[in-house]
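# Dropping a prediction and its sequence here:
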Amino acid sequence: MSEKMLKFVDIGQQNPPKRDISNRKEDFDEIYQEFLKDRAVQQSSRCSQCGVPFCQVHCPLSNNIPDWLKLTAEGRYEEAYQLSQSTNNMPEVCGRICPQDRLCEGNCVIEQSGHGTVTIGSIEKYITEKAWENGWVKPIEINSEKNESVGIIGSGPAGLACGEQLRKKRIQGNYI
Ligand code: SF4
């Protein structure tokens, strides 16, 4: 176990700062600001690296949350992002609007023991923003397309995710 983890006893739960209401009334920007770098590392280190990670069990995507928290705590952001996006087509969206309080964060073991959940959503957003800033988000490159296509009805999150998964398999998705 990395010495960087299991800090939930010493480090309290902190979310990114909320923007002042007078500013928020003037625009449609996000309610919360970004985590500062050290804060994301610190908050990730609160994870207790559970043998049975209830955060992951209750994630509809079964995201490998404990491992990317550990990578973030070690400052290995690119690897954390790669792992996060390997099971999630839209981590930038999920980090913002997923109902974490009822899923990963609501079932986090240290939340259940009264220490306050690991702020998983904010950390997911942080590493994904880092990935966009640093050019780690790449288009899917394929050598050749198969001579097959699939019609996708609707272009909401499920339709877009379907298109990306088909692309990885070299199949063209046509939105209807
Ligand atoms: S349930 Fe909480 S403490 Fe356990 S691995 Fe997941 S984030 Fe870490």
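Here it is on my side, so go on.
# Now do the contacts for the closest residue in space to Asn88 that isn't next to it in sequence.
The shortest distance from Asn88 to any non-neighbouring residue, by C-beta to C-beta, 6 or more residues apart in numbering, is to Leu61 (5.3 Å). Heads up, the C-betas are built off the backbone N, CA and C, glycines and all. With contact taken as C-beta atoms under 8 Å, 6 or more residues apart in numbering, Leu61 is in contact with Thr87, Asn88, Cys94.
# Domains in the chain, by residue range?
7-134, 140-176 (automatic domain parsing).
# Compile these into JSON lines and extend it with columns for distance to the ligand.
Putting the domains of the chain into JSON lines (distance: least, C-beta to the nearest ligand atom, whole Å) gives the following:
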{"stretch": "domain 7-134", "distance to the ligand": "3"}
{"stretch": "domain 140-176", "distance to the ligand": "23"}
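# Mind putting these into JSON lines with mean pLDDT?
Converted to JSON lines, the domains of the chain look like this (pLDDT from 0 to 100):
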{"stretch": "domain 7-134", "mean pLDDT": "95"}
{"stretch": "domain 140-176", "mean pLDDT": "93"}
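# Which stretch among those domains is buried most, on average?
Among those, ranked by average contacts under mean count of other C-beta atoms under 10 Å, first place goes to domain 7-134 (a mean of 18).
# and it, how far apart are its ends?
End-to-end span of domain 7-134 (C-alpha to C-alpha, to the nearest Å): 28 Å.
# now it, how far from the chain's geometric center?
6 Å (C-alpha atoms, centre = their mean, to the nearest Å).
# Likewise for stretch 130-138?
14 Å.
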